[in-house]
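Visitor: would you be able to build a 3D model of this:
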Amino acid sequence: MARNALLCSNKFLFNNSSSPFAKFLDACVKTKSSRDVRVIHACIVKSQFSYEVFINNRLIDVYGKCGYFNYARKLFDKMPTRNAFTYNSIIGALTISGSIDEAERVFTSMPEPDQCSWNLMVSGFAQLEIFDRSLEYFVKMHEEDFMLNEYSYGSALSACAGLRDLVMGTQIHASLVKSRFILDVYMGSALIDMYAKCGDVGCAEKAFDGMIERNTVSWNSMITCYEQNGPASEALEVFVKMMECEVMPDEMTLASVISACASLCAVKEGRAIHARVVKFDKFCNDLVISNALVDMYAKCNMINQARWIFDRMPVRNVVSETSMVSGYAKVASIKTARTMFSKMMQRNVVSWNALIAGYTQNGDNEEALGLFLLLKRESIWPTHYTFGNLLNACANLSDLKLGRQAHTHVLKHGFRFQHGPESDVFVGNSLIDMYMKCGSVEDGRRVFRNMAERDNVSFNAMIVGYAQNGHATEALQLFKEMLESGEKPDHVTMIGVLCSCSHAGLVEEGRRYFESMSKEYGLKPQKDHYTCMVDLLGRAGRLIEAKNLIDSMPTPPDSIVWASLLAACKVHHDIDLGSFVAEKLLEVDPGNSAPYVLLSNMYAELGRWREVTRVRKLMRQRGVVKQPGCSWIEIGSQVHTFMVKDTRHARKREIYLLLKTLTKMMKLSGYVPNIGDFDADEEQNKLEFTFSREVDVPLAASLDDS
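Guide: Model (predicted):
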């Protein structure tokens, strides 16, 4: 093409128009050839049009679109005469290059910016995700009485979506309604996208329903809205309507619908969409769709199907591999997940988060902590999800020292615990949960009070934490504060409230809160709430009332409910009801040792030794074994674990000698073991057995050696 331009240049010298040059430059935009543009530029310089503003404006524009920004800027600086198009061309070129500050300086130097100039600034900041400045220019443009068009509105709505600014987005919608662009299909799609990203599903639905004309982008925006905000089932319904309207789906449509299936674990629907993908050759090897399919099958615990697709992908990226790591971790194949993670050529923080979460979910909390340390050494910047999993691991270990270290990392990364595009409130909630599970109520309270923003989960973590640590009064007081703040209680909130009433012996208050669940808060009591009430009534000695409550449950009572009532029967020495409850408990959970032990202890307290023997014999016949008690203590950052008849500790001889001494001292002080207690009886027998093996035998051996 450059040769043709040179051949034609002589002809252009005799023409009165530079239009042929402009046509050649248009062709260069398609090829993005630097050589061709510079050859044509050289021809123009040699022609009579070298100082023509029109053709130089076109040159600046083409240099910018082809990515040769330095040439564009040099040409702009050398132009003796400029007009609005000249300035707009260089602003457009600088915006494309990302030099938005320089573009702003050029805009400021313009004698008279026009509508196009303002639109370039609004769209330029929006494209570079500097959304607040984009909206500033949009507002100034309106104040200067320039006509807002579809480009202005489109960029401004995109900025609102990026900022999750629903208030400003609604105001722009109101302005758009008054304009002639409200029926434009692209404006409708932009409105749906803005409301979707701001989380307002209702307004997105209204915008979608109000559209006279829809295109694929419109349908995609609505499907994505439901997929990201819920209910995900609606995304599938919209997809069905889209098919009924004979609108051809694209890769974005299919990827969003597959993601909705992943959220719902809707395998049947996911397979149907997979079959549709296979029918379209152009989608078969699409990376985004393939990644969505891998993720869908992995989240549905169909890891073999996910691996089948993964192995046949012609191109993979970090998203594909991360989905597989997460999928293997979810189905408890944590070793396979770690192996795949170690083989990844490229890892991002999402990959690390997936594996850390996998270890935490599978109970390998120490490994999760170790992986976090590796992440820090790799200079990967942790996200709020990373810290959520890290704090969860510390909470599961009940390790306050590690939890405080994790808290220090959270503070260093500047988390303020507030809502926004990247909400980190749940990190504060995880901190509260960690401190409460580690028994540090004051630290949990301090985190709660210092949070910039809170949600119902924040209140729940505090209320349940207070209840678990015996601070019933504080829990109930915080519940009142929660209601006054406008937060609505949920099922978890009411579990904390009812547990607090149980620990404080507040029977009437507990009954009132239980009844208020359905009457005031629209919450249907679940098994856990009935268990809390049975515990509350049982502690207060209202055993018949507790049994009647169990009988009134809408679902069959589980072992936890019956065990709670059985424990109350033991405390209040009700052997008749206890025997009945024990039988019920054995029907529900025959392998559980608790009912045998409790029933045996109840009979022993009444001196009914024949019944005690019968229950213990029944335990042996059914192969039910009581799990031995376990205790642990941390000394010098090392955790020491002890079980009954434990012979594994390196300093067992010293430990048992001291234990024997303490037991003698307790007996001299008047302590008498309760022979009617199954646990005490077993512990005593095993202790004496252990003494004879671990103390007396080693001592005898040492005497023989001497």
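Visitor: switch to C-alpha atoms for all contacts and neighbour counts from now on
Guide: Noted.
Visitor: now stretch 305-325: mean pLDDT?
Guide: The predicted model assigns stretch 305-325 a mean pLDDT of 93.
Visitor: begin at 53 from now on, thanks
Guide: With the count now opening at 53, the last piece we talked about shows up as stretch 357-377.
Visitor: that one: end-to-end distance?
Guide: 14 Å (C-alpha to C-alpha, to the nearest Å).
Visitor: what's the weakest-modelled helix or strand in this structure?
Guide: helix 749-757 (a mean of 33; mean pLDDT, DSSP states H and E).
Visitor: what are the buried residues along stretch 639-659?
Guide: By 16 or more other C-alpha atoms under 10 Å, the buried positions in stretch 639-659 come out as 640, 642-657.
Visitor: how far does it sit from the chain's center?
Guide: Counting by C-alpha atoms, centre = their mean, to the nearest Å, stretch 639-659 is centred 43 Å from the centre of its parent chain.
Visitor: repeat for stretch 230-237
Guide: That offset, for stretch 230-237, works out to 37 Å (C-alpha atoms, centre = their mean).
Visitor: with stretch 231-242 instead?
Guide: Worked out by C-alpha atoms, centre = their mean, stretch 231-242 lies 34 Å from the chain centre.
Visitor: let's see that stretch as PDB, backbone CA atoms only.
Guide: C-alpha atoms of stretch 231-242 as PDB (Å, rounded to 0.1, in the frame of the first residue of the first chain):
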ATOM      1  CA  SER A 231     -33.900  12.800  26.800                       C
ATOM      2  CA  ARG A 232     -34.600  11.200  23.400                       C
ATOM      3  CA  PHE A 233     -32.100   8.500  24.100                       C
ATOM      4  CA  ILE A 234     -34.100   6.600  26.700                       C
ATOM      5  CA  LEU A 235     -35.400   4.100  24.100                       C
ATOM      6  CA  ASP A 236     -32.000   3.500  22.800                       C
ATOM      7  CA  VAL A 237     -31.200  -0.200  23.100                       C
ATOM      8  CA  TYR A 238     -27.600   0.500  24.300                       C
ATOM      9  CA  MET A 239     -28.800   2.900  27.000                       C
ATOM     10  CA  GLY A 240     -31.200   0.200  28.200                       C
ATOM     11  CA  SER A 241     -28.400  -2.300  28.400                       C
ATOM     12  CA  ALA A 242     -26.100   0.200  30.200                       C
END
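Visitor: ok, residues contacting that stretch?
Guide: Here stretch 231-242 makes contact (C-alpha atoms under 8 Å, 6 or more residues apart in numbering) with 201-202, 205-206, 209-210, 228, 259-260, 263-267, 269-270, 273.
Visitor: again, 6 Å this time
Guide: 228, 270 (C-alpha atoms under 6 Å, 6 or more residues apart in numbering).
Visitor: and the helix ranked longest in the chain, which residues are buried?
Guide: Longest helix in the chain, counting residues (DSSP state H): helix 704-720. Buried residues in helix 704-720, counted by 16+ other C-alpha under 10 Å: 705, 708, 712.
Visitor: and what of stretch 620-630?
Guide: 620, 621, 622, 624, 625, 627, 629, 630.
Visitor: picking up where we left off before, pLDDT and distance to residue 98 added to the buried residues of helix 704-720, as a markdown table?
Guide: A markdown table is the format used below for the buried residues of helix 704-720 (pLDDT from 0 to 100; distance: C-alpha to C-alpha, whole Å):
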| residue | pLDDT | distance to residue 98 |
| --- | --- | --- |
| 705 | 85 | 102 |
| 708 | 84 | 103 |
| 712 | 87 | 108 |
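Visitor: distance to residue 385 for those residues - can I get that in JSON lines?
Guide: Listed next are the buried residues of helix 704-720 as JSON lines, based on distance: C-alpha to C-alpha, whole Å:
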{"residue": "705", "distance to residue 385": "40"}
{"residue": "708", "distance to residue 385": "41"}
{"residue": "712", "distance to residue 385": "45"}
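Visitor: which one of the residues you listed is nearest residue 320?
Guide: Nearest to residue 320 out of the buried residues of helix 704-720 is residue 708 (C-alpha to C-alpha; 60.6 Å).
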